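[1] Compute the structure for the input listed below.
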Amino acid sequence: MKNYTITVNGVAYDVTVEEGGAGSAPARAAAPAPAAKPAAAPAPAAKPAAAAAGGIEVKASVPGKVFKVEASVGQAVKAGDSIVILEAMKMEIPVVAPEDGTVASINVGVGDAVESGDLLASLN
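    Below you'll find the model as predicted:
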């Protein structure tokens, strides 16, 4: 048996490979050993700009694609009003205003792919 450490997309995996003849079983991988996570430079850089636009952040609750943007910058919204509609697993999921305010910025466009926790808009 030989042990190797392989890095894929920044994640290190410890792999144990059995040595054998032509009829041997396929290689087996041990449980992944997480590598040190690289610092995400773009995310922190985006946060101050969003905070300057509006103090209330509206974030994606699920990963998906922006199906529709229902609010516009400067529009007054009440808590529960739909700001963006995401499409995830063939379902339309409204992302609503967490509290009353005015839309300060819309950070996505129709067709954009978003991950859970991504900033979609900000309110004042």
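[2] how about the helices in the protein?
    In the chain, the helices defined using DSSP state H lie at 42-53.
[3] Show me where it dips below the pLDDT cut-off.
    20-54 (pLDDT under 70).
[4] Which stretches in this protein count as strands?
    Secondary structure of the chain (DSSP state E): strands at 2-8, 11-17, 28-29, 56-59, 64-69, 76-77, 82-88, 91-96, 101-106, 113-114, 119-123.
[5] now the first one against strand 11-17, angle please.
    Relative orientation of strand 2-8 versus strand 11-17 (axes from the mean of the first three to the mean of the last three CA atoms, to 10 degrees): 150 degrees.
[6] Can you give the distance from strand 2-8 to the centre of its chain?
    28 Å (CA atoms, centre = their mean, to the nearest Å).
[7] That strand - contacts with which helices or strands?
    Packing partners of strand 2-8 (3 or more CB pairs under 8 Å, 6 or more residues apart in numbering; DSSP states H and E): strand 11-17. Heads up, the C-betas are built off the backbone N, CA and C, glycines and all.
[8] And the strand it packs on, what's buried?
    Buried positions in strand 11-17, judged by neighbour count with 16 or more other CB atoms under 10 Å: Tyr13.
[9] so Gln75 touches Ala104, yeah?
    No: contact between Gln75 and Ala104 fails when scored by CB atoms under 8 Å: they sit 10.2 Å apart.
[10] before we move on, back to that, tell me which of the strands of the chain sits most buried.
    With neighbours defined as mean count of other CB atoms under 10 Å, those peak in mean count at strand 119-123, which reaches a mean of 23.
[11] Could I have the CA atoms of that one written out in PDB?
    Extracted in PDB, the C-alpha atoms of strand 119-123 (Å, rounded to 0.1, in the frame of the first residue of the first chain):
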ATOM      1  CA  LEU A 119     -25.800  39.300  -1.000                       C
ATOM      2  CA  LEU A 120     -28.800  40.000  -3.400                       C
ATOM      3  CA  ALA A 121     -29.800  43.500  -2.300                       C
ATOM      4  CA  SER A 122     -29.500  46.000   0.500                       C
ATOM      5  CA  LEU A 123     -32.000  48.300   2.200                       C
END
